[in-house]
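# what's the 3D shape of this:
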Amino acid sequence: MAFARRIAVPASTALSLAALAACGSGSPPAARRPLSNADSPPVAKAIVDDFGDTLRTPSGPPRRIVSLNPATTEMLFAMGQGNHVVGRTRWDTYPPAALPVADLGNGLRPNVEAVLSVHPDLVLLYAAADNRDAVGRLKAAGVATLSVREDRLADFHRILSLLGAALHDSAAARAVDDSVTASLARVRASTAGLAPVSVVWPVEIAPLRVIGGGSYLNDLLADAGAHNVYGAMSDPAPQVSLEDLLRRNPSVVLTTGATVRAMRSDPRWQRWLADSGHRVLVPDTALVGMPSVRMGAAAAELVGLLHPGVVH
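I've put the predicted structure just below:
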């Protein structure tokens, strides 16, 4: 699966994006804890998801959760709720504790029969049009669903809050949120006095799509001391022309090995690559692939590439 398909933000490919170590700059998983806590009394709550659907939580928290979204899978384990996760997608490979959980296949247009076979009482999905049918079938079978979409950094905080409410464990959600926020603040402080590096981040070559201002990656680039030359565009992944990109003359291209090979076959890119002031950098896709609990580590990874030697 190509990196462009993992990191592209349009809804049709956003789940594979999430398929793309918690350390001092990351968010370590919380210790396992019971699903209820003092600040979340066992009363029914109405939660509106990103499809506009209302989830009315029962008086008790869900005990069997299927997460068909790698970002929410990471959040659940970080909240200490991994022992209640009974199904995941094939792309959910972090944390390692998630690997023994039943692999139910894809997160977009999932196999509903496979999901129902593990008897969930809550299914978490990515809010893409391709999942509308699955949501309808799961609800018809009497299973609660919560569909969320994460494009911006703000969505991470919002989704954690929704999970805290749905699982009757708002304290754990806040603890994870606070940890990630602190890790990003440390990275941001480490680059505060540095001159921003102008960058572009192609996610597809044909057609050429780049990370825009509507993506969480634009937020991480700013924290890492970079200026995204397409950051003023509100689209998460706008389509642009190569001529316009080269006119903006970024000093760094963030991409993958496969994209580098495609660049080297194009004479226009060859001229850009020949300039000694230009660099091509390849981030760790396992860290930068989605806005989840390892965003501190993702931002630190970008700092290490863009500003070698900076301590964060």
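
# all strands of this structure, in order?
Taking DSSP state E, the strands of the chain run over residues 45-48, 54-57, 65-68, 85-87, 122-126, 144-148, 197-200, 202-204, 209-210, 226-228, 252-254, 279-281.

# For Ser241, which of those strands is the nearest?
Within those, the stretch nearest Ser241 is strand 209-210; the backing value is 10.6 Å (Cβ to Cβ). (C-beta placed from N, C-alpha, C; glycine too.)

# elements contacting the closest one?
The contact analysis (3 or more Cβ pairs under 8 Å, 6 or more residues apart in numbering; DSSP states H and E) places strand 209-210 against strand 202-204.

# quick one: strands adjacent to the strand it packs on?
strand 209-210 (antiparallel) (DSSP bridges).

# The partner strand - what's its average pLDDT?
Mean pLDDT, strand 209-210: 96.

# By residue count, what's the longest helix in this protein?
helix 170-190 (DSSP state H).

# which helices and strands sit right next to that one?
helix 70-78, helix 153-166, helix 216-223, helix 295-306.

# angle of that helix against helix 216-223?
Relative orientation of helix 170-190 and helix 216-223, computed by axes from the mean of the first three to the mean of the last three Cα atoms, to 10 degrees: 50 degrees.

# so helix 170-190 versus helix 153-166, what angle?
Using the same axes, to 10 degrees: helix 170-190 against helix 153-166 is 160 degrees.

# mind listing what's buried in helix 170-190?
Applying a neighbour-count criterion of 16 or more other Cβ atoms under 10 Å, one finds 170-177, 179-180, 183-184, 187-188, 190 buried in helix 170-190.

# got the angle for that helix vs helix 70-78?
Going by the same axes, to 10 degrees, helix 170-190 makes 110 degrees with helix 70-78.

# could you list every residue that touches the residue lying closest to Asn249 once chain neighbours are set aside?
Nearest non-adjacent residue to Asn249, counting by Cβ to Cβ, 6 or more residues apart in numbering: Ser198, 7.5 Å away. Neighbouring residues of Ser198 by Cβ atoms under 8 Å, 6 or more residues apart in numbering: 226-227, 229, 248-252.

# picking that back up, can you tell me the average pLDDT over the longest helix of the chain?
Mean predicted confidence for helix 170-190 is 97.

# neighbours around the closest residue to Leu302 other than its chain neighbours, how many?
Spatially, and ignoring its direct neighbours in sequence, Leu302 is nearest to Ala224 (3.7 Å; Cβ to Cβ, 6+ apart). For Ala224, the tally of surrounding residues (other Cβ atoms under 10 Å) stands at 30.
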